[in-house]
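Colleague: kindly generate the corresponding structure for this input.
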Amino acid sequence: MDLSTYYLGKRLKNPLVPSASPLSRNIDSMKRLEDAGAAAIVMYSLFEEQIEHESFEIDHYLSYGTQSYAEALTYFPEAKEYNLEPDQYLELLRKASESLEVPVIGSLNGVSTGGWVKYAKHMEEAGADALELNVYYIPTDPALAGDDVEARYLDVLHAVKSTVAIPVAVKLSPYFTALANVAQRLVNAGADGLVLFNRFYQPDININELEVTPHVHLSDSSASTLPMRWVAILHSRIKASLAATSGIHTSDDVIKLLMAGADVTMMCSALLKRGPEHLKEVLEGLEKWMFEHEYVSVEQMKGSMSHKSVHDPSAFERANYMKALNRYKLLM
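Modeller: Residues are numbered from 1 along each chain as shown. All right, here's what the predicted structure looks like:
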């Protein structure tokens, strides 16, 4: 059977794509992902703060002591003394694009249109087949209007699209007031794909140390219902690739998201928990289910249970809320 799918204009051998995670921090683990069946790999994210830190460090070293005496120029440190995390990222990306047969997608995480956008071009030059813009932004200012938040996403996309020729996907959060409208505006602005959704890791409070601490809680399959709803709603309504991410752990999760209308399903938590080889198990489960239900291709499945295709589209809307509550009441 034909497991192939199209994402960001590229034909992939199957719909399983590891999303940005620590598993893409070295070539060996990326090769393990490829060997286990990954159809493409999203590199771990390069953060705006890392690039800004590098610029600050270099500026500091180049200007330090120059007002003291003319010979100060001879005291410039060697380049190896700088924080070169962005350059290391580009070098790893270059090696990955040369070593792997599957497409490699670069990932930029930021909130502004500053100097970090230039690294989109550097990623393209390093061999990235596409870019994923992960706009991780928490608007905390009460004076900041929703239109301003949406404009930030559009500005970042415009800046990157004006810089590169490779496809660009935008990774969204689910917290927009009118998500479908934001999705359409991003596509109109040039987004080749949308990734639904970004998981905002929530902080915790250490009640003994009285500190706010970072907290990482890996997802489970229950988290897939949120992207499932919006993939189903947006399928065939916008002209862009759709990637579902968050809560994709099993072959059942993959099947549901494909039937909702996803072009690819992206996995992170499941691979961190079980290792890259888990991809093989998921692929086998997908093939088994397709054989038993007489599907000959992923394209045949795609969107068959989307908002546009199901008998009762209200199941993806407000009616689902009422039905869920009534069902729970009957089970009590």
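
Colleague: show me the contacts for residue 168.
Modeller: Contacts for residue 168 (Cβ atoms under 8 Å, 6 or more residues apart in numbering) come out as 120, 130-133, 157, 160-161, 190-193. Heads up, the C-betas are built off the backbone N, CA and C, glycines and all.

Colleague: just the ones in helices from the residues you listed, please.
Modeller: 120, 157, 160-161 (DSSP state H).

Colleague: what's the burial count for residue 217?
Modeller: Residue 217: 11 surrounding residues under other Cβ atoms under 10 Å.

Colleague: confidence score at it?
Modeller: In this model, residue 217 is scored at 81, pLDDT.

Colleague: wasn't it part of a helix?
Modeller: No. Counting by DSSP: H, G, I helix; E, B strand; the rest coil, residue 217 is not part of a helix but coil.

Colleague: could I get the contacting residues of it?
Modeller: For residue 217, the contact set (Cβ under 8 Å, 6+ apart) comprises 201-202.

Colleague: again, only using 10 Å
Modeller: Applying Cβ atoms under 10 Å, 6 or more residues apart in numbering to residue 217 gives the contacts 199, 201-202, 204, 223, 269.

Colleague: any weak-confidence spans in this structure?
Modeller: Counting by pLDDT under 70, the chain has low-confidence residues at 50, 52-84, 114-116, 319-322, 324-325, 327-332.

Colleague: which residues in it form helices?
Modeller: With helices called from DSSP H, the chain shows them at 27-36, 48-63, 85-99, 118-126, 146-161, 179-188, 225-234, 251-260, 269-274, 278-292, 298-301, 318-331.

Colleague: need those helices in TSV (columns: distance to residue 212).
Modeller: Listed next are these as TSV, based on distance: least, Cβ to Cβ, whole Å:
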stretch	distance to residue 212
helix 27-36	31
helix 48-63	18
helix 85-99	25
helix 118-126	30
helix 146-161	23
helix 179-188	29
helix 225-234	25
helix 251-260	32
helix 269-274	23
helix 278-292	33
helix 298-301	44
helix 318-331	33
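
Colleague: which of these is buried the deepest?
Modeller: helix 251-260 (a mean of 24; mean count of other Cβ atoms under 10 Å).

Colleague: just checking, what packs against it?
Modeller: Helix 251-260 sits against helix 225-234, strand 241-245, strand 264-267, helix 278-292, helix 298-301, with contacts defined as 3 or more Cβ pairs under 10 Å, 6 or more residues apart in numbering; DSSP states H and E.

Colleague: same thing but at 6 Å, please
Modeller: helix 225-234, helix 278-292 (3 or more Cβ pairs under 6 Å, 6 or more residues apart in numbering; DSSP states H and E).

Colleague: which residues sit against that helix?
Modeller: 221, 224, 228, 231-232, 244, 265, 282, 285-286, 289, 301-302, 304-306 (Cβ atoms under 6 Å, 6 or more residues apart in numbering).

Colleague: with just CA atoms, put that helix into CSV.
Modeller: The C-alpha trace of helix 251-260 is given here as CSV (Å, rounded to 0.1, in the frame of the first residue of the first chain):
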residue,chain,number,x,y,z
SER,A,251,-0.7,4.4,15.3
ASP,A,252,-4.3,5.1,16.3
ASP,A,253,-3.3,8.7,17.0
VAL,A,254,-1.7,8.9,13.5
ILE,A,255,-4.8,7.4,11.8
LYS,A,256,-7.2,9.8,13.5
LEU,A,257,-5.1,12.9,12.5
LEU,A,258,-4.8,11.7,9.0
MET,A,259,-8.5,11.1,8.7
ALA,A,260,-9.1,14.6,10.2
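
Colleague: quick check: end-to-end length of stretch 228-246?
Modeller: Stretch 228-246 has an end-to-end distance of 10 Å (Cα to Cα, to the nearest Å).

Colleague: one step back: which one of the helices and strands packed on helix 251-260 lies nearest to residue 311?
Modeller: Nearest to residue 311 among the helices and strands packed on helix 251-260 is helix 225-234 (13.3 Å), distances taken as Cβ to Cβ.

Colleague: and the closest one, how far from the chain's centre?
Modeller: When distances are taken as Cα atoms, centre = their mean, to the nearest Å, helix 225-234 is centred 16 Å away from the chain's centroid.

Colleague: change the start of the numbering to 29 and stick with it
Modeller: All set: I'll call the first residue 29, so the last point we hit is now helix 253-262.

Colleague: packing partners for that helix?
Modeller: strand 221-224, strand 269-273, helix 279-288.

Colleague: out of the ones you listed, which comes closest to residue 174?
Modeller: It's strand 221-224; of those, that one is closest to residue 174 (Cβ to Cβ) at 18.5 Å.

Colleague: neighbouring strands - and their directions - for that closest one?
Modeller: Sheet pairing for strand 221-224, assigned by DSSP bridges, gives strand 196-200 (parallel), strand 269-273 (parallel).

Colleague: these into JSON lines, with extra columns for distance to residue 116?
Modeller: Listed next are those as JSON lines, based on distance: least, Cβ to Cβ, whole Å:
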{"stretch": "strand 196-200", "distance to residue 116": "23"}
{"stretch": "strand 269-273", "distance to residue 116": "25"}
